[in-house]
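>>> need a 3D model of the following:
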Amino acid sequence: MATIKEFADLLANDQRRGYCRRYGDAHPDLVDAASFVRIKMGKVYAKVDVGHSGKYMVPLPGQPDAGHIFGIKAYGVIHRGHQYGTLETIHEWDWSEYTATPRQEKNGG
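Model prediction:
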């Protein structure tokens with residue numbers, strides 16, 4: 001199982017890739033600000049922020065749904081209706097857009 005730190009690193013890389021695809025990379029300071037990911041550990045959840053906004057919450061071990069990745073309703077309020085896999089499946093998701101989407105398998109033909 002991946003760690004929350006590994007998830008945050010993947011999220012930051014995907015956000016950077018998505019930002020550069022949409023807006024270019026002529027202004028590195030803007031790219032850095034838009035793709036900056038911070039983890040705030042709480043007693044029940046890890047909050048994963050992108051830029052200056054809350055984005056995802058992950059219940060910590062010992063909690064129901066530990067390791068599942070959820071969106072948020074408001075800062076610090078988990079949205080159980082928006083689940084984006086688990087820490088085990090982070091590489092099955094594309095984190096480059098506003099919301100995560102399942103990665104599409106590439107066919108050889």
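
>>> please make it C-alpha for all contacts and neighbour counts, starting now.
Fine.

>>> max-length strand in this structure?
In the chain, with assignment by DSSP state E, the single longest strand is strand 77-86.

>>> now do the next helix or strand after it, average pLDDT.
Moving toward the C-terminus from strand 77-86, the first helix or strand encountered (DSSP states H and E) is strand 93-94. Strand 93-94 comes out with an average pLDDT of 98.

>>> in stretch 25-44, what counts as buried?
Across stretch 25-44, burial judged by 16 or more other C-alpha atoms under 10 Å covers 31-32, 34-39.

>>> just stretch 2-9 next, same as before
Neighbour counts over stretch 2-9 (16+ other C-alpha under 10 Å) mark 4, 7-8 as buried.

>>> where does pLDDT dip in this structure?
106-109 (pLDDT under 70).

>>> what's the angle between the longest helix belonging to it and strand 77-86?
Looking across the chain with DSSP state H, the single longest helix is helix 4-23. Here helix 4-23 points in a direction 90 degrees away from that of strand 77-86 (axes from the mean of the first three to the mean of the last three C-alpha atoms, to 10 degrees).

>>> now do helix 4-23: everything it contacts.
31-32, 34-39, 46, 48, 50, 58, 87, 90, 94-97 (C-alpha atoms under 8 Å, 6 or more residues apart in numbering).

>>> quick one: strands adjacent to the longest strand of the chain?
strand 68-74 (antiparallel) (DSSP bridges).

>>> chain center to the strand it pairs with, what's the gap?
Relative to its parent chain, strand 68-74 has a centroid offset of 10 Å by C-alpha atoms, centre = their mean, to the nearest Å.

>>> using PDB, write out every CA atom in that strand.
What follows is strand 68-74, C-alpha atoms only, in PDB (Å, rounded to 0.1, in the frame of the first residue of the first chain):
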ATOM      1  CA  HIS A  68      -9.700   5.400   0.900                       C
ATOM      2  CA  ILE A  69      -9.300   8.800  -0.900                       C
ATOM      3  CA  PHE A  70     -12.300  11.100  -0.700                       C
ATOM      4  CA  GLY A  71     -13.100  14.500  -2.000                       C
ATOM      5  CA  ILE A  72     -14.300  17.200   0.300                       C
ATOM      6  CA  LYS A  73     -17.700  19.100   0.700                       C
ATOM      7  CA  ALA A  74     -16.000  22.000   2.500                       C
END
